[in-house]
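1. Only the shape, not the letters, is given here:
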């Protein structure tokens, strides 16, 4: 199936609008912010600057998690846990 030039332009415009809406919506989750007994629940995009200034955090940055070497005991083999009653 081939699209006419007009149909293709309309489709591309709709895809662009969808992408822009998706970008706007990604910061719509709510966060609770406050200090000294005053708290508010606001969309993240509105509280983002306050969070960064007050606490020095940026929720947009994903913390890099690396496995901790030498943590725990054992040889890495999986064993059944528990005891058999019988």
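-> On my side now, so go ahead. Owing to the predicted nature of the structure, the values given are computational and were not obtained by experimental measurement.

2. So residue 3, which state does it fall into?
-> Classification of residue 3 using DSSP: H, G, I helix; E, B strand; the rest coil returns coil.

3. so who does it touch?
-> Residue 3 is in contact with residue 11, counting by Cβ atoms under 8 Å, 6 or more residues apart in numbering. For the C-beta atoms, the positions are set from N, CA and C on the backbone; glycine is no exception.

4. do the one 4 residues further on as well
-> Applying Cβ under 8 Å, 6+ apart, one finds that residue 7 lies in contact with no residue.

5. Same question for residue 57.
-> Contact analysis of residue 57 by Cβ under 8 Å, 6+ apart lists residue 51.

6. sec struct for it, please.
-> The three-state label given to residue 57 by three-state DSSP is coil.

7. which residues in this structure form helices?
-> Under the criterion DSSP state H, the chain carries helices at the ranges 5-25, 44-55.

8. In TSV, list those along with mean pLDDT and distance to residue 37.
-> Formatted as TSV, these follow (pLDDT from 0 to 100; distance: least, Cβ to Cβ, whole Å):
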stretch	mean pLDDT	distance to residue 37
helix 5-25	89	32
helix 44-55	80	15
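
9. among these, which is the most enclosed?
-> helix 44-55 (a mean of 14; mean count of other Cβ atoms under 10 Å).

10. just the angle between that one and helix 5-25, please?
-> The directions of helix 44-55 and helix 5-25 differ by 40 degrees, with axes from the mean of the first three to the mean of the last three Cα atoms, to 10 degrees as the criterion.

11. Next one: the residue nearest in space to the middle of the chain from residue 18, what distance?
-> With distances taken as Cα atoms, centre = their mean, residue 60 lies nearest the centre of the chain, 7.3 Å away. From residue 60 across to residue 18, the span is 21 Å (Cβ to Cβ, to the nearest Å).
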